[in-house]
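Peer 1: Sharing a model that was predicted from the sequence below.
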Amino acid sequence: KARVRAREEMASQMLHVSSDFEKILQGELKQVQTRHKMAHQTALDSLQQQLDATKHAQCDSIVREIAAKTLEQLEALKAQMAVERQRRVQAMERSCDAEMRRRTLEIEMQSHSQLED
């Protein structure tokens, strides 16, 4: 009986030690999980910052590209308008010259006609 009692006592102490050891391991596991979560969150935050920076850089690049293309288009339109303006001025000058020649000829004809009378 004493041996059985001693074995039961020893088993009880081992169970108690085992329970304490399990509690210690669970505490350490929680610490490891917490550290892992924090490290994971830090890595995610870092990646998000990198992504945001990349997005901003891409947006800036796209805005600069659009601005450059718009400026090119405006310059081309400005040149086209200058050419069109010059063409219209020349057309008006030709029209005025033709009208002056017509009137001059008309006046000369009237003058010539009056001289004959």
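Peer 2: That came in fine, so what should we check first?
Peer 1: low pLDDT regions in the protein?
Peer 2: 117 (pLDDT under 70).
Peer 1: For the residue at minimal distance from the centre of it, identify the helix or strand it belongs to.
Peer 2: The centroid of the chain falls nearest to Cys59 when counting by Cα atoms, centre = their mean (1.8 Å). Assigned by DSSP states H and E, Cys59 belongs to helix 2-116.
Peer 1: and that helix, how far from the chain's centre?
Peer 2: Relative to its chain's centre, helix 2-116 lies at 0 Å (Cα atoms, centre = their mean, to the nearest Å).
Peer 1: What helices and strands are in contact with that helix?
Peer 2: Secondary-structure packing of helix 2-116 (3 or more Cβ pairs under 8 Å, 6 or more residues apart in numbering; DSSP states H and E): no helix or strand packs against it. (C-beta placed from N, C-alpha, C; glycine too.)
Peer 1: Let the chain start at 55 from now.
Peer 2: Sure thing, new numbering starts at 55, so read that last one as helix 56-170.
Peer 1: what sits against the residue nearest to the centre of the chain?
Peer 2: Counting by Cβ atoms under 8 Å, 6 or more residues apart in numbering, Cys113 touches no other residue.
Peer 1: Counting neighbours, show which residues of stretch 96-109 come out buried.
Peer 2: For stretch 96-109, a neighbour-count test (16 or more other Cβ atoms under 10 Å) marks nothing as buried.
Peer 1: what's it in contact with?
Peer 2: So stretch 96-109 is contacted by nothing (Cβ under 8 Å, 6+ apart).
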